[in-house]
Every structure is written in C-alpha cells, then in structure tokens.
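Engineer: how would this look folded up:
(one chain, ligands or ions: 2)
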Amino acid sequence: MIDAVLLGTGGMLPLPNRWLSCLLIRVNGHLTLFDCGEGTQIAWRESGWGFRRLGSICISHTHADHVAGIPGLLHAVANAGRTEPISVYGPVGSADVVRALRAIAPVLPYEVRVTELRGGDRFPLPGGLTGCCESGDHALPVLAYRCDLQRGRAFLPERARALGVPIDFWRALQAGEPVSWDRGQVTPDEVLGPPRSGLSIAYVTDTRPAPKLPQFLKDVDLLVCEGTYGSDEDLPKAVRNRHMTFREAATLAQDAAVSRLWITHFSPALEDPDAFAGNARNVFAQAAIGHDGLTIGLPFPEE
Ligand SMILES: [Zn+2]
Ligand SMILES: [Zn+2]
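Structural biologist: Ligands and ions are numbered 1, 2, ... in the order given. Below is the predicted model:
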C-alpha cells in the first residue's frame, strides 16, 4: 500500500489556504517528500503525519517555491527526534543549493546526503520503493519522478504442506531462497504463486509535457502533475514559462494511460482551479483538481 497526501497545490508563492506544491508519500511507515517550498512544514503539521520517519526528499528543481522550505523542515525533523540519515535527491545543481540552504541549518542530529541525478537514473527510496527520474523541460534542470513498489509472489501453504516442507523453512522460501533438508529439497517456484503487479506513483512539476514523459509515466496508479494554468487561453503563457495547462496535464495522463491524475501547482492568479476542471476532464475523465490535504491510500490491485 502507498499512502499519499498532497500537502500544497500552489506555484510560485504560498497563499492563505494554499501552500506550495508538494507531495508526501508513506510506504511501510517510511516517508518520502517531493519538493519543499516555503511553509511545507506547516502544511505537513496540518496533515497530522509525523516528521521523524522522513527518509528522503526528492527535489524537482531548485526554484525557491520547491526548495526554500528545506532548512526549516530539517529542523522540524530534528525536533521530532530523528537521528538516522536523510537522502536528498535532485537534478544537477541541487548539491550547491542544498549546501547553501544548510548554511542556516548547519547543526542537525542526523546526516544529510545529497545525490544529483540525471534522467534515466534509478535509486532506492524508503520503505522498499524504487525511484527513477526523467528530465523535463523548464527554465532550470528539472526532474520528473516515478516510484514503484514491487509486490512479492504469494506463498501457497497448501503446496508447501503437500511437498512436506517443514514449517521452519517457509519463511526462506517466501523470501525466494531454495531449501533442502534430510528428506527433500524445494525451490521457491514450487510454492509461490504467479508474479503480482505492484504499485506506482509519479510526481511531475514545472515542465512542459516533454516527449519522453508519456513512456516514463506509463500505467502509474497515480500521477500528480502540474497544471499551472486552468484556461486553454493561457497556453502561450504555459509555453513561454515552461509550464502546462490543465488540458496538457490531462493529455499527458491520457497518453501515459495512468489510472488517476491529481493536478497541482496552480498559478497564484488562478483563484478557483475547480472552475476549469472541465478542461482536464474532457480529455481524461479521472482527472481531479488537487487541493491542500488531498489524501489517498493506494491498495495493491486485487488478484
Ligand atoms: Zn514552481
Ligand atoms: Zn520552476
């Protein structure tokens, strides 16, 4: 299961009732944050999710509305009692920016490890997630993120019993290890069901709908994607500022055949994003206009 909360939905500036765009996900009790603008720690506190289990921060790019909240958040996590390291991932240039931000948060009870990524890179995320990233198209280097959670094959106890496998060996077989004992030997294939599909979630912001993105985002269970502009008439602005309209976000979701779409990163000028929901839903019926605190629990699909 992956739990996700959209802590904020704004672009450029935090507003009353609209924090800056960022996504927090939880897998097996471990947390990963995507972007951290000014005020993210307040939005986080409002969500009720604790800070201590934060293991990774993935930065889309280094514009202030996506990183300026990092020093304060690191203090909030320290205050919650964390001592284990935190990994920060971001595009080329992130290490310098995080180092500069750490000038105002130099003393922490845990280590902060920064890794710069390039499109196509894969990296581990907390709770057993596999992260990967792809380059977007913005004024600065930007990364789109995707996280996949594999699901192990089901253990079939009736088969293990029929083969006479002592119960002490079941856990090893479940973990994919062959076992042998005085009266026989068994491989995992003999007692495990067929492969099962996993879960995936993606976070894409501050980019034009770059050509590589549909394939990169293929079939994700939830796509959280920017739609800075609601009106189709703002397409020239979206092109100029390297953002997307709602219709473009929905087209990306449709092209990638995702299951659900949450639109986020609204321009401060966009007072009522819901008024433009039709522009997204005409293209992709499962489009939802994000709002601060929007939460979902994604279960593994039924077999
Ligand atoms: Zn932004
Ligand atoms: Zn930006």
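
Engineer: Give me the distance between Val165 and ligand 2.
Structural biologist: Going from Val165 to ligand 2 by CB to the ion, to the nearest Å gives 56 Å. Placement of C-beta: from N, CA and C, glycine included.

Engineer: which residues touch that residue?
Structural biologist: By CB atoms under 8 Å, 6 or more residues apart in numbering, the residues touching Val165 are Leu173, Val179, Gly184, Val186, Val191.

Engineer: mind running it again at 7 Å?
Structural biologist: The contact partners of Val165, by CB atoms under 7 Å, 6 or more residues apart in numbering, come to Leu173, Val179, Val186, Val191.

Engineer: biggest separation within the residues you listed, which pair?
Structural biologist: For the contacts of Val165, the maximum inter-member distance is 9.6 Å, found between Val179 and Val191 (CB to CB).

Engineer: Show me which residues of this structure sit near ligand 1.
Structural biologist: Gly11, Asp65, Asp206 (CB under 5 Å from the ion).

Engineer: Need these in TSV (columns: neighbour count).
Structural biologist: TSV is the format used below for the residues of the chain next to ligand 1 (neighbours: other CB atoms under 10 Å):
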residue	neighbour count
Gly11	28
Asp65	23
Asp206	27
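
Engineer: Which of those fall in helices?
Structural biologist: Filtering those for membership in helices, criterion DSSP state H, returns Asp65.

Engineer: Closest to ligand 2 out of the residues of the chain next to ligand 1?
Structural biologist: For those, the residue nearest ligand 2 by CB to the ion is Asp206; the value is 3.7 Å.

Engineer: How about the closest one, nearest residue that isn't a chain neighbour?
Structural biologist: Spatial nearest neighbour of Asp206, chain neighbours left out: His138 (4.8 Å); criterion: CB to CB, 6 or more residues apart in numbering.

Engineer: quick one: common contacting residues for Val179 and Val191?
Structural biologist: Val165, Leu173.

Engineer: the more surrounded of these two?
Structural biologist: More crowded of Val179 and Val191, by other CB atoms under 10 Å: Val191, with 24 against 19.

Engineer: Which parts of the stretch 151-300 of the chain are helices?
Structural biologist: 157-162, 170-174, 213-216, 235-241, 246-256, 277-281 (DSSP state H, counting those that start in this stretch).

Engineer: which stretch among the ones you listed comes nearest Gly297?
Structural biologist: Of all the helices of the stretch 151-300 of the chain, helix 246-256 sits nearest to Gly297, with 20.2 Å by CB to CB.

Engineer: Rounded mean pLDDT for that closest one, please.
Structural biologist: For helix 246-256, mean pLDDT rounds to 98.
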